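# Got a predicted model here, sequence first, then my questions.
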Amino acid sequence: MRRFDRGIWKHPSLPKGSRTSMTTEPAGKTPLITGTGRRWDEVPAAQGLDPDSARWLQALADDGPRRESALAELYAMLLRAARREAGRRGPRVQITGPELEDLACQAAGDALLAITQKAGHFRGESRFTTWAYRFVLFEVSAKIGRHFWRHPTRPLDAESWDRLPDRFGFDPARESEWRDLLAALRRAVDTELTPRQREVFVAVALNDVPPDALAIKLGSNRNAIYKMMFDARRKLRAALVANGYLHDEESRRS
Amino acid sequence: MNGWAALDLFLQTDPRDVGCAEAMDMLHVYADLVAAGVPAEERYPGIAAHLRACGPCGEDYEGLLAAIAGEAH
């Protein structure tokens, strides 16, 4: 349980007075918070940092009340962003009310922990707050992905081919025009894709399983799922072009 | 958009697409440029292509822009 103590946010797994660790910093990259008591502006890589980002880094590198105050301020910012994002996405996966608030609080707390652990990797390529918001958005995405399987819309192994016309907006009154196209697509799914590509395509394209949720179910990650879908889409389109159902890119441009 | 065009668009892939990992690594940089009115798409066409095609990353991007905008108010 996260709590405020005299207005100062405390994360249960963040030891009192803990500092960011620099032990994992990649070779050749100078951390902006050094953990050796150096100020941000004593680090060459920090030169040219915008004043607000510099203020954040300096405060988080501090040991005393200034750091505590910065953590509380950062947590409040993250929580606002988490609430906004959870409110935007939550209803789609049937998360509302206290559960949604709990998800936002957990996302903000976990993001704060990640930020304090990784602040040394901040390179000043963006504003510090934008870099920090990224963590909370990823946390909200991951937690909503995990939540999906508590109320799945349909079984993972279902194949909802009958939903495809509606999904792509095919006019039922003109079924004679698109029936062959969708039959060709189905054949291509069966013959052109690897078993893993087929599994991912069916889950995402036919069963509306969010990629983040699918990644959790398959013990994978978003990038791998996307790559699988990318390759599947490319193969399916090539098959439909080869069979005359779609135009290739060259003829489209000419 | 009719069904044929929607299906065709869904199946199209952009060879410049950098994938989720690289797009997410640079999302904060890209979003800051966009928020500042800099033509980020010209500087990072592979990230722009990815954000157009990937629903989850596109959603994270929209959320990041909303967070930046919310901070300004």
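Thanks, I have the structure now.
# Where does the residue nearest in space to the middle of chain B sit: helix, strand or coil?
For chain B, residue B:51 is the residue whose C-alpha lies nearest the centre (C-alpha atoms, centre = their mean; 2.5 Å). Following DSSP: H, G, I helix; E, B strand; the rest coil, residue B:51 is assigned to helix.
# Surely it is in contact with residue B:64?
No - in this structure, residue B:51 is not within contact of residue B:64 by C-beta atoms under 8 Å, at 10.6 Å. Every C-beta, even on glycine, is put in place using the N, C-alpha and C of the backbone.
# Break chain A into its domains for me.
Using automatic domain parsing, the domain ranges for chain A come out as A:3-148, A:161-253.
# Turn those into TSV, including mean neighbour count, distance to chain B and mean pLDDT.
Below are the domains of chain A laid out as TSV (neighbours: other C-beta atoms under 10 Å in any protein chain shown; distance: least, C-beta to the nearest C-beta, whole Å; pLDDT from 0 to 100):
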stretch	mean neighbour count	distance to chain B	mean pLDDT
domain A:3-148	18	4	76
domain A:161-253	17	3	92
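# Show me the helices in the chain, by range?
Here I'm looking at chain A. Applying DSSP state H to chain A gives helices spanning A:51-61, A:65-89, A:97-118, A:128-148, A:164-168, A:175-192, A:195-201, A:211-217, A:222-242, A:249-253.
# not quite, I wanted chain B
For chain B, applying DSSP H gives helices covering B:3-11, B:19-25, B:27-35, B:40-43, B:45-53, B:55-72.
# Those: which one's closest to residue A:145?
helix B:55-72 (8.4 Å; C-beta to C-beta).
# does the closest one come close to chain A?
Yes - using C-beta under 8 Å from any C-beta of the partner chain, helix B:55-72 reaches chain A at B:55-57, B:59-60, B:63-64, B:66-68, B:70-71.
# now the helices of chain A in JSON lines, with distance to residue B:11?
Shown next, in JSON lines, are the helices of chain A (distance: least, C-beta to C-beta, whole Å):
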{"stretch": "helix A:51-61", "distance to residue B:11": "42"}
{"stretch": "helix A:65-89", "distance to residue B:11": "26"}
{"stretch": "helix A:97-118", "distance to residue B:11": "34"}
{"stretch": "helix A:128-148", "distance to residue B:11": "24"}
{"stretch": "helix A:164-168", "distance to residue B:11": "10"}
{"stretch": "helix A:175-192", "distance to residue B:11": "9"}
{"stretch": "helix A:195-201", "distance to residue B:11": "11"}
{"stretch": "helix A:211-217", "distance to residue B:11": "16"}
{"stretch": "helix A:222-242", "distance to residue B:11": "4"}
{"stretch": "helix A:249-253", "distance to residue B:11": "12"}
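# do you know which of those helices lies nearest residue B:26?
It's helix A:128-148; of the helices of chain A, that one is closest to residue B:26 (C-beta to C-beta) at 10.0 Å.
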